[in-house]
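In: Could you look at this predicted model? Sequence included:
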Amino acid sequence: MLDIKFIRENPEAVKENIKKKFQEEKLPLVDQVLALDEENRAAITEASELRSQRNTLSKQVGMLMGQAKKDPSKLEEAEKAKAQVKANADRLAELEKKESELEEKIREIMLVIPNIIDASVPIGPDDSCNVEAARFGEPAAPEFEVPYHTEIMERFGGIDLDAAGRVAGNGFYYLLGDIARLHEAVLAYARDFMIDKGFTYCIPPFMIRSNVVTGVMSFAEMDAMMYKIEGEDLYLIGTSEHSVIGRYIDQILQEKDLPQTLTSYSPCFRKEKGAHGIEERGVYRIHQFEKQEMVVVCRPEESMEWYEKMWRFSVELFRSMEIPVRQLECCSGDLADLKVKSCDIEAWSPRQKKYFEVCSCSNMGDAQARRLKLRVKGGDGKTYLPHTLNNTVAAPPRMLIALLENNLQADGSVSIPKALQPYMGGKSAILPKE
């Protein structure tokens, strides 16, 4: 969410940013919010003047009532002053109600106006305009055919989609045996990898209230992602950074305690509205999965440095498991409204002979901090808004696909990267059942 003062002083820049995000339908919102802001400021000014008059008139009434005891002619003047005090009080009540209504309308619009994107973001309407920035590792496809990931898992007796369908419906799965163990090994390794980078391990609440939801994401994202708990003001989290950032709602941090660096584990729950296509089968796009995340709260001047560090952590993690990856800069039209800058880390799929998304690193600027009323007290005693960032460390369903495909051998076995072997009881490979 932008600062209303920024919109007031830079309306054309805000409109140009909306155009860069290909959201022309939102252009009228800038003029609407400015008109409401002007009306609200006029109401605030009038209310302030009435409060000032109230003190003066109250003193005047008291003085006149005292004089009326000796001079009855002053009584009429006192009654007029009392009537003016009541009229002012009635008007002040109207203005306070108006202020509250206008502030709510302004906030509703402000939540929809997109954040200002960084100047380095490529301009384009959708993800087809995302730009490959770098590759890490040599992508290769083996001479033998690489089966679909669920077929690989089935060879190990490692997945049961039919039973999951009977129990919970489409978009769920049972993982079993070595595949389930490999899934947990990835999470445990990702956790320790980030702890070694100096991040604090965190297990957050898996449900959040609506004020936290609106503090960390846009309405469009919420509608497409979140499951609401019926009859309660609670939502199942779609990703753990929402709960982790929500920890700071209405807080004032001390500057000496920055940066806050957390790596969080959680299950995640997503509606995945609109998901379709062949790659949505199996465990690629599902309603429930587990995830290790990294979250940073830092000073504004440090956020781009942290952004660079964070996506590179993802690259380092995947390369340590011998998985080729590339970094893809997200274009303006592919950025969610709160994001200043974002990139995807995509893993190589030998089966598809192309890359697919496994991590998403985002710099949110001060948007989440403003929505959550998170502030930092500097050394000079003044408060300011910090920047927040998040990035996927590991989401095992997709990472598991990349791991299985890139480490599949001609005999059907899957080699275990050295980094994961301690988490697999020392195994260097897992063997199919048949």
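Out: Nice, I can see it.

In: Give me the mean pLDDT for stretch 92-109.
Out: Mean per-residue pLDDT for stretch 92-109: 93.

In: With stretch 282-301 instead?
Out: Averaging pLDDT along stretch 282-301 gives 92.

In: Could you pull out the helices in the stretch 51-200 of the chain for me?
Out: 73-110, 149-155, 161-167, 177-196 (DSSP state H, counting those that start in this stretch).

In: Which among those helices is found nearest to Asn363?
Out: helix 177-196 (18.1 Å; Cβ to Cβ). Any C-beta I mention is one placed from the backbone N, CA and C, and that applies to glycine too.

In: Can you give the distance from the helix or strand following that closest one to the centre of its chain?
Out: Using DSSP states H and E, the helix or strand that directly follows helix 177-196 along the chain is strand 200-202. Its chain's average C-alpha position is 18 Å from that of strand 200-202, according to Cα atoms, centre = their mean, to the nearest Å.

In: Paired strands for strand 200-202, with orientation please.
Out: Take DSSP bridges as the rule and strand 200-202 pairs in its sheet with strand 260-269 (parallel).

In: where's Glu305, which helix or strand?
Out: Assigned by DSSP H and E, Glu305 belongs to helix 303-320.

In: so what secondary structure elements neighbour that helix?
Out: The contact analysis (3 or more Cβ pairs under 8 Å, 6 or more residues apart in numbering; DSSP states H and E) places helix 303-320 against strand 131-136, helix 177-196, strand 288-298, strand 325-329, strand 341-349, strand 354-363, strand 387-394.

In: Residue ranges in the chain under the pLDDT threshold?
Out: In the predicted model, the chain carries pLDDT under 70 at residues 55-79, 81-82, 273-281.

In: Next one: the nearest residue to Asn40 once chain neighbours are set aside relative to Ala47, how far apart?
Out: Of all residues not flanking Asn40 in the chain, Leu102 sits nearest, at 4.1 Å (Cβ to Cβ, 6 or more residues apart in numbering). As for Leu102, its distance to Ala47 is 12 Å (criterion: Cβ to Cβ, to the nearest Å).

In: repeat for Cys359
Out: 50 Å.

In: for Ile109, same thing?
Out: Ile109 is 22 Å from Ala47, by Cβ to Cβ.

In: before we move on, the earlier item: of all the helices of the stretch 51-200 of the chain, which one comes closest to Glu302?
Out: helix 177-196 (18.3 Å).

In: Mind listing residues that contact that closest one?
Out: By Cβ atoms under 8 Å, 6 or more residues apart in numbering, the residues outside helix 177-196 that reach it are 153, 156-159, 175, 201, 263, 265, 290, 292, 294, 313, 317, 320-321, 393-394, 396, 399-400, 403, 414, 416, 419-420, 423-424, 430.

In: Neighbours of Arg91, how many?
Out: 13 (other Cβ atoms under 10 Å).

In: I figured it hits Leu50, correct?
Out: Yes. Using Cβ atoms under 8 Å, Arg91 makes contact with Leu50 at a distance of 6.2 Å.

In: now stretch 257-274: how far from the chain's centre is it?
Out: 8 Å.

In: If you count neighbours, what's buried in it?
Out: Within stretch 257-274, the residues that qualify as buried are 258-266, 268-270, counting by 16 or more other Cβ atoms under 10 Å.

In: what bridges to Tyr355?
Out: On the basis of DSSP bridges, Tyr355 is bridged to Trp348.

In: Return the residues in contact with it.
Out: Applying Cβ under 8 Å, 6+ apart, we find Tyr355 in contact with 139, 325-326, 328, 346-349.

In: Need those in JSON lines (columns: neighbour count).
Out: Converted to JSON lines, the contacts of Tyr355 look like this (neighbours: other Cβ atoms under 10 Å):
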{"residue": "Pro139", "neighbour count": "17"}
{"residue": "Val325", "neighbour count": "25"}
{"residue": "Arg326", "neighbour count": "18"}
{"residue": "Leu328", "neighbour count": "21"}
{"residue": "Glu346", "neighbour count": "24"}
{"residue": "Ala347", "neighbour count": "25"}
{"residue": "Trp348", "neighbour count": "24"}
{"residue": "Ser349", "neighbour count": "21"}
